[in-house]
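Student: structure for this input, please:
(chains A and B)
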Protein chains: 2
Amino acid sequence: MRRVFITGAAGFIGSSLADRLLSEGIPVVGWDNFSTGQERFIAPAKQNPNFTLIRGDNLDLPALTKAMAGCETVFHLAANADVRFGLEHPSKDLQQNTVATFNVLEAMRANGVKTIAFASTGSVYGEAEIIPTPENHPFPIQTSLYAASKLAGEGMIHAYCEGYKFEGYIFRFVSILGERYTHGHVLDFYKQLLDHPEYLKVLGDGTQRKSYLYVGDCLSAMLHVMKMGKAREAKHNVEVFNLGTDEFVQVNDSIRYICAALKLKPRIEYTGGDRGWIGDNPFIFLDTKKIRATGWKPALTIEQGIIRTLRWLEQNHWVYEARK
Amino acid sequence: MRRVFITGAAGFIGSSLADRLLSEGIPVVGWDNFSTGQERFIAPAKQNPNFTLIRGDNLDLPALTKAMAGCETVFHLAANADVRFGLEHPSKDLQQNTVATFNVLEAMRANGVKTIAFASTGSVYGEAEIIPTPENHPFPIQTSLYAASKLAGEGMIHAYCEGYKFEGYIFRFVSILGERYTHGHVLDFYKQLLDHPEYLKVLGDGTQRKSYLYVGDCLSAMLHVMKMGKAREAKHNVEVFNLGTDEFVQVNDSIRYICAALKLKPRIEYTGGDRGWIGDNPFIFLDTKKIRATGWKPALTIEQGIIRTLRWLEQNHWVYEARK
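Tutor: Numbers count the residues shown, from 1 in each chain, chains lettered A, B, ... in the order given. Model (predicted):
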């Protein structure tokens, strides 16, 4: 990788990726509209002369095209990642995910940039019939606008790989954990326990089974298969990889890890039902044999990832104020 | 069905559907921007007092929302159906298919319309690994922008069915044949043979295997499962059906049928290769067990459909002038 363009460079995963690439000596152009990105996350990268930050929005195609000039590889991580409230503003997923991804592809085409990594989601499997869920799961039914918009992004990337000979890497993430985490159940639970250590409200009945991956492992996985050039060996110039660990945890397990780490014994109040909200998936567990067969494996367990996240949140209460 | 809204009502399938519904006494509101729709196709419907024609574009959401008022069921058939030239203007599929479908869903939501039938395509299977291809084929790689945009439409419909309790019918069509056909190989071959009866140029090597369905059978299939309310029995309020016959033909077979019907013996000139163009699929054959299990079956074979199409074209040379 010679010069990398990151959309969502001031976000959780984007800023972590920027730091990793810069540490390897790879020049990085970071692009972010700071709608959810954080100045503090990108501050370390900004100290590095190999880093350029450009403020802009994926819906501004001329600016995006100009910003991408001279890059060789794009990590398209910017997205509306608000799965739960998609039904309250359905155009957000269409614009910020589907149309934005199209613009990224068009900016690449205009600049002759051919390689793209895309942060997709295990949610595209909907309520999977096969668990652990492999990449070639039967054609699923989408259960959220977020997943539908990521599926739309995947499809366009496929078509660009086939039609314009792009090299595509689609990564279907489980929930990512770690330093700079700004979104999800660890954040919510820790905040609650700061506010009222004696009780914890839980959406659903606590038996939802979910999968997580530590951000450092997520970055290693992406870089590993991209450096191998795996998509160039694929029939249609595109490879799809599930990213996750080979375990899952119940919400109740996660609560146990968090409470033990905080030395708290709150009363647990469940809202009930096997789903936290409409479109919530009661069991997410991806089959990661495909990425493991390339030689990658995660360094941290889910429990370790949760604890790292919690320790970071303890040192960074400011994120609660910074969230919009 | 009490009052039906058809997008693309002046198109091949849309106008045929309007005529069919009107013949059953069902009021129809036809919506078309006449970018490819034909005044002549919709002329018979316009004679019927149960028919209302409204000119407008799916990208004009306020007008679309207003036009749809009072309807109960939507057939969303309007689309950019130009598969072959998608790479020349990639935003067309995004706007006219993906964004347009979102607008149709939003207009429905604003009007409290819950039931949607969507003309998707067998192309969403890409180069299928399983042939005949069932609806639950493994998660495929998209090979055209057209198919990617239809996949995006499917995903959004799923999410609206799950999130807003819509009732969704997704029909993955093979190529449709019959009266009012304006697009495809029968049109191209017949035109060539009018211009130069002594030879016929064929994209690819003629061995591409394709599937077709007669438009009357296509309409019967959609109305059959919708009247049964099949999607209301489905787990996520949405049903996906392949539509086709249980046969396929080679391009060479089709040439043989056409030439025999025209009593011509042209010299065949192949461009060569197993694909007609980038993204062309050398073998399309859908498994239609699912729709057949509901009691529907097609009345015409592919050969009969091709001959009907040809006979209609012989009587309607004007379509060659009308195409844009």
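
Student: only C-alpha atoms for contact and neighbour calcs from this point on.
Tutor: Will do.

Student: so what's the residue count around whichever residue of the stretch 201-324 of chain A sits closest to chain B?
Tutor: Chain B sits closest to A:Ile278 of the stretch 201-324 of chain A, with a gap of 6.5 Å, by Cα to the nearest Cα. Counted by other Cα atoms under 10 Å in any protein chain shown, the residues lying close to A:Ile278 total 15.

Student: how about the residues of the stretch 151-300 of chain A by chain B?
Tutor: Within the stretch 151-300 of chain A, the positions adjacent to chain B are A:151-152, A:155-156, A:158-160, A:162-164, A:236, A:278-279 by Cα under 8 Å from any Cα of the partner chain.

Student: any weak-confidence spans in the stretch 151-300 of chain A?
Tutor: The stretch 151-300 of chain A contains residues with pLDDT under 70 at A:279.

Student: now do the strands in it.
Tutor: All strands of the stretch 151-300 of chain A, identified by DSSP state E, counting those that start in this stretch, fall at A:167-173, A:175-177, A:199-202, A:209-210, A:212-214, A:238-243, A:249-250, A:267-270.

Student: for A:Glu321, helix, strand, or coil?
Tutor: The three-state assignment at A:Glu321 reads helix, by DSSP: H, G, I helix; E, B strand; the rest coil.

Student: so who does the residue of chain A positioned farthest from its centre touch?
Tutor: Distance to the chain centre peaks in chain A at A:Glu198, reaching 32.0 Å (criterion: Cα atoms, centre = their mean). By Cα atoms under 8 Å, 6 or more residues apart in numbering or on different chains, the contact set of A:Glu198 is A:Leu264, A:Lys265, A:Pro266, A:Arg267.

Student: okay, those residues in JSON lines with neighbour count and distance to B:Arg172 next?
Tutor: Shown next, in JSON lines, are the contacts of A:Glu198 (neighbours: other Cα atoms under 10 Å in any protein chain shown; distance: Cα to Cα, whole Å):
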{"residue": "A:Leu264", "neighbour count": "14", "distance to B:Arg172": "54"}
{"residue": "A:Lys265", "neighbour count": "14", "distance to B:Arg172": "54"}
{"residue": "A:Pro266", "neighbour count": "15", "distance to B:Arg172": "52"}
{"residue": "A:Arg267", "neighbour count": "11", "distance to B:Arg172": "51"}
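
Student: now render these as JSON lines, adding distance to A:Asp19.
Tutor: Formatted as JSON lines, those follow (distance: Cα to Cα, whole Å):
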{"residue": "A:Leu264", "distance to A:Asp19": "34"}
{"residue": "A:Lys265", "distance to A:Asp19": "37"}
{"residue": "A:Pro266", "distance to A:Asp19": "37"}
{"residue": "A:Arg267", "distance to A:Asp19": "40"}
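
Student: list the contacts of the residue nearest to A:Leu264 when sequence neighbours are not counted.
Tutor: If the residues on either side of it in the chain are set aside, A:Leu264 comes closest to A:Pro197, at 6.9 Å by Cα to Cα, 6 or more residues apart in numbering or on different chains. Shown in contact with A:Pro197 (Cα under 8 Å, 6+ apart): A:Leu264, A:Lys265, A:Pro266.

Student: for the second one, grab phi and psi.
Tutor: This means A:Lys265. When read as degrees, to the nearest 10, the backbone of A:Lys265 gives phi -130, psi 70.

Student: so it makes contact with A:Tyr257?
Tutor: No - in this structure A:Lys265 lies outside contact range of A:Tyr257 using Cα atoms under 8 Å: 11.2 Å.

Student: and A:Ile6, that's in a strand?
Tutor: Yes - A:Ile6 forms part of a strand when assessed by three-state DSSP.

Student: please enumerate the strands of the stretch 1-150 of chain A.
Tutor: Using DSSP E, counting those that start in this stretch, strands in the stretch 1-150 of chain A cover A:4-7, A:28-32, A:51-55, A:73-76, A:115-121.

Student: and the ones you listed: which comes nearest chain B?
Tutor: strand A:115-121 (13.9 Å).

Student: list the contacts of the closest one.
Tutor: With Cα under 8 Å, 6+ apart as the contact definition, strand A:115-121 has outside contacts at A:72-77, A:147, A:150-151, A:154, A:166-174, A:222.

Student: and the residues you listed, which are buried?
Tutor: Among the contacts of strand A:115-121, the ones that count as buried by 16 or more other Cα atoms under 10 Å in any protein chain shown are A:72-77, A:147, A:150-151, A:154, A:166-174, A:222.

Student: before we move on, back to that, with mean pLDDT added, can I get the strands of the stretch 1-150 of chain A in JSON lines?
Tutor: Output for the strands of the stretch 1-150 of chain A, formatted as JSON lines (pLDDT from 0 to 100):
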{"stretch": "strand A:4-7", "mean pLDDT": "98"}
{"stretch": "strand A:28-32", "mean pLDDT": "98"}
{"stretch": "strand A:51-55", "mean pLDDT": "98"}
{"stretch": "strand A:73-76", "mean pLDDT": "98"}
{"stretch": "strand A:115-121", "mean pLDDT": "98"}
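
Student: now those in JSON lines, with distance to B:Ile302?
Tutor: Listed next are the strands of the stretch 1-150 of chain A as JSON lines, based on distance: least, Cα to Cα, whole Å:
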{"stretch": "strand A:4-7", "distance to B:Ile302": "49"}
{"stretch": "strand A:28-32", "distance to B:Ile302": "52"}
{"stretch": "strand A:51-55", "distance to B:Ile302": "56"}
{"stretch": "strand A:73-76", "distance to B:Ile302": "44"}
{"stretch": "strand A:115-121", "distance to B:Ile302": "40"}
